[in-house]
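Asker: what's the 3D shape of this:
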Amino acid sequence: MRVAIITENFLPKLDGVTRTLARLLEHLQQRKHEAILLGPASSIEQYAGAEIVGTAGIPLPFYPELKFNFFRPLFIRRLKEFRPDIVHLIDPVVLGAAGLAAARFLNIPVVSSYHTNLAAYCRHFGFPIFTRPMWIYNRFIHNQCELTFCPSPSTAAMLREQGFEHLRIWPRGVDTTLFSPERRSAATRAGWLQGNKAEKILLLYVGRISWEKNLGLLTRAYRAMDTRHCHLVIIGDGPALKEIQVELAGLPVTFTGYLQGEELARAYASADIFAFPSTSETFGQVVLEAMASGLPVVGVHSEGVCDLVRDGQTGFLSYAPNKDDMVISYQMRLEYLIHSKQARQDMGEAAHLYACSRSWSEAMECLMRGYAEVLTRQYAPAAA
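Answerer: Purely as a prediction, here's the structure:
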C-alpha cells in the first residue's frame, strides 16, 4: 500500500498528534508499506523511510504553535510521482483542504483524522466568535472524506452531535517497555525536592502549558492545599508558563521544561499522582503514559480522558456545575490520594494493568483495516 499523509503538524513539535503520526510512519515501514508526508517545513527530510516534503506557513492567531500551511505546486508533482493508493489528511485546516482538492483532482480516495478540538481552542484563546465557523468548516472538510478517524468514543459522540459523518475509532496505544513503574528513580525525586529530606507526595502534570489545558483549575486547587505534604512537578512549556509561575510563586513546585524519551519515562514513574485538569482533549496520550507508569489520575470528566480513567478505580474524574465547586472537587480528590497510600497503590496498579492492554500495534492495525475498507470500496467492480 502507498499512503500519502498531509498534515498541518509534525516533528520537531512535540505533542500527541506528532507522536501518533511518528508511530504511524514507523508502523507503515514495519509492514512494508510506502509513505510520503506533506507538511510544515522543518529540518527533517525523512522519517521511518518516508520522504518529508515541507512548506511555509503563518501561525494561527488562536493557536500560534499551529500554522496556516500553504499547498505548494511541488506537492501536486510529488503526489503524481508517488502515485498513492490513499491520502490521509491529519487535522485538515488549510493545507488539508488543498490536499483534499488535489486528491479529488487526481482521483485518489481520501480519509481524514480528527485530533485537535480547534473549535474549543478558539474560545480558550479569546476568539469565541470563531467557534461556530470553525465547527462548520471542520465538518465540511471531514464530511467529504471516505472515513474520519477519531481517537476515542466520547470524541466520536461529540463529533456526531456536530454533524460529522463516516466516523471510525482509531484508538491509541502506549509503549509499556518505555513507560513503566520500573523506571521509578530516587535520584529524580530528590532532584525535584532539591535537598528537602521530608518525604512528600509528588503531583505531576505533563503537557502544553497553555490555558486551553484548564491549568487554572490545577493552580487554584494547589494554592488552596496544605502543601507541607506534597510537591507539584510541571513538565512542558507554552505561552502560559510565566503566568503559571507567578500564580504558584512561593509554593513547592518544579518546572522542568519539555522532557522526552527515557527522561520523560523516569519522570512519570518517579511521581505519585498524575494531575491532569484538561477539558479539551480528544484522547489524552499523556494520561495513558502516566497510567502505564503506575500513576492514579485525577482528571476532569470530559471527552477523551473519560474513556481512559475509570472513576474510583484508576483515578478520579471531577465534575461540578460551576468553577468554584469544581476547584473544591478537584482539590478534595487530590488530597484524598495524597493522604491515602493504599488508594494510590491500588489505583496505580489498576491504571498500569489497563494501560498494558493498549498496544500501538493493534491501534495502527485498526487504521490499516480502515484504509483497506476504503480501497475495497473504491476499486470494487460496479454491480451489473
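Asker: quick one, helices of the stretch 151-300 of the chain?
Answerer: Using DSSP state H, counting those that start in this stretch, the helices of the stretch 151-300 of the chain run over 153-161, 186-193, 215-223, 241-247, 261-270, 285-292.
Asker: Just put the ones you listed in CSV and tack on mean neighbour count, distance to F316 and mean pLDDT.
Answerer: In this view, the C-beta of every residue, glycine as well, is placed from N, C-alpha and C. Compiled in CSV, these are given as follows (neighbours: other CB atoms under 10 Å; distance: least, CB to CB, whole Å; pLDDT from 0 to 100):
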stretch, mean neighbour count, distance to F316, mean pLDDT
helix 153-161, 17, 17, 95
helix 186-193, 15, 23, 93
helix 215-223, 21, 12, 97
helix 241-247, 14, 22, 96
helix 261-270, 19, 18, 97
helix 285-292, 27, 12, 97
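Asker: Figure out which of these is closest to P59.
Answerer: The minimum distance between P59 and the helices of the stretch 151-300 of the chain falls on helix 241-247, with 17.6 Å, by CB to CB.
Asker: follow-up on the earlier one: how about the helices of the stretch 151-300 of the chain in TSV, adding distance to E45?
Answerer: Output for those, formatted as TSV (distance: least, CB to CB, whole Å):
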stretch	distance to E45
helix 153-161	33
helix 186-193	35
helix 215-223	36
helix 241-247	31
helix 261-270	22
helix 285-292	26
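Asker: Nearest to A48 among the ones you listed would be which one?
Answerer: Judged by CB to CB, the one of the helices of the stretch 151-300 of the chain that comes nearest to A48 is helix 261-270, at 16.5 Å.
Asker: Pull the distance from the closest one to the chain's centre.
Answerer: 18 Å (CA atoms, centre = their mean, to the nearest Å).
Asker: now it against helix 186-193, angle please.
Answerer: Counting by axes from the mean of the first three to the mean of the last three CA atoms, to 10 degrees, helix 261-270 lies at 80 degrees to helix 186-193.
Asker: packing partners for helix 261-270?
Answerer: helix 186-193, strand 201-206, strand 230-235, helix 285-292 (3 or more CB pairs under 8 Å, 6 or more residues apart in numbering; DSSP states H and E).
Asker: residues in contact with the first one?
Answerer: Contacts with helix 186-193, where a contact means CB atoms under 8 Å, 6 or more residues apart in numbering, come from 200, 202, 231, 233, 254, 266-267, 270.
Asker: Figure out which of the helices and strands packed on helix 261-270 is closest to T155.
Answerer: helix 285-292 (13.0 Å).
Asker: chain center to the closest one: distance?
Answerer: Computed by CA atoms, centre = their mean, the separation of helix 285-292 from the middle of its chain amounts to 10 Å.
Asker: Can we start the residue count at 159 from this point?
Answerer: Yep, numbering from 159; the last one is helix 443-450 now.
Asker: Show the end-to-end separation of stretch 435-447, please.
Answerer: Stretch 435-447 stretches 16 Å from its first residue to its last (CA to CA, to the nearest Å).
Asker: try stretch 461-472
Answerer: Using CA to CA, the end-to-end distance of stretch 461-472 comes out at 17 Å.
Asker: Repeat that for stretch 265-282.
Answerer: 38 Å.
Asker: Of the helices of the stretch 309-458 of the chain, which is nearest C464?
Answerer: Across the helices of the stretch 309-458 of the chain, the minimum distance to C464, taken as CB to CB, is reached by helix 311-319, at 5.5 Å.
Asker: Show me what the closest one is in contact with.
Answerer: The contact list for helix 311-319, computed with CB under 8 Å, 6+ apart, reads 272, 300, 306, 308, 325, 327, 440-441, 460-462, 464-465.
Asker: do that again at 7 Å, thanks
Answerer: Applying CB atoms under 7 Å, 6 or more residues apart in numbering, the set of residues contacting helix 311-319 from outside is 272, 308, 325, 327, 440, 461-462, 464-465.
Asker: now stretch 248-264
Answerer: Counting by CB under 7 Å, 6+ apart, residues outside stretch 248-264 touching it are 163-167, 175, 179, 196, 226-227, 229, 233-234, 237-238, 245, 247, 268, 270-274, 299, 302.
Asker: So which of the helices of the stretch 309-458 of the chain is nearest A478?
Answerer: It is, among those and with distance given as CB to CB, helix 373-381, at 10.1 Å.
Asker: Mind giving me the packing neighbours of that closest one?
Answerer: Where contact means 3 or more CB pairs under 7 Å, 6 or more residues apart in numbering; DSSP states H and E, helix 373-381 is packed against helix 399-405, helix 481-497.
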